[in-house]
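Engineer: can you look at this prediction? I've put the sequence above it.
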Amino acid sequence: MMQIVGGKNPSTVFREMLVDRPQLNNDDLASEFHRQFPETGLDAIQYIWKWQRPGRAAAGLDDEWLDQRLIHLLRRAGYLLND
């Protein structure tokens, strides 16, 4: 998760995690994100729950939308510097 602070998009980090541990679901990803970045609040958890990750049958949020929202929350919480 800390790769996000280094500049990787959250969806890229999540996809890499899913390659390493395909049993993870959106709830697992949201929980891990919240553990690492608790100040992003509940909005981040809800966005990740709704993300259309690989292998998910239900329609959901695309990578670009998710990345934009999570990066905004990370900046607002002080985890990322504003450009």
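Structural biologist: Now that the structure is in, tell me what you want to look at.
Engineer: could you use CA atoms for every contact and neighbour count after this?
Structural biologist: Fine.
Engineer: wait, what's in contact with residue 31?
Structural biologist: Residue 31 sits next to residue 45 when contact means Cα atoms under 8 Å, 6 or more residues apart in numbering.
Engineer: point me to the helix or strand that includes it.
Structural biologist: Counting by DSSP states H and E, the element that carries residue 31 is helix 26-36.
Engineer: from the centroid of the chain, which residue is nearest?
Structural biologist: By Cα atoms, centre = their mean, the chain has its centre lying nearest to residue 10, at 4.5 Å.
Engineer: that one and residue 67 touch, don't they?
Structural biologist: Yes - counting by Cα atoms under 8 Å, residue 10 does reach residue 67; the two are 5.7 Å apart.
Engineer: give me every residue that touches residue 37.
Structural biologist: Residue 37 makes contact with 74, 79, according to Cα under 8 Å, 6+ apart.
Engineer: against residue 33, how distant is the residue lying closest to residue 26 once chain neighbours are set aside?
Structural biologist: Nearest non-adjacent residue to residue 26, counting by Cα to Cα, 6 or more residues apart in numbering: residue 49, 5.1 Å away. Noted for residue 49: a distance of 11 Å to residue 33, by Cα to Cα, to the nearest Å.
Engineer: what about residue 22, how many residues nearby?
Structural biologist: Using other Cα atoms under 10 Å, the number of residues around residue 22 comes to 12.
Engineer: name the SS class of it, please.
Structural biologist: Secondary structure, DSSP: H, G, I helix; E, B strand; the rest coil: residue 22 is coil.
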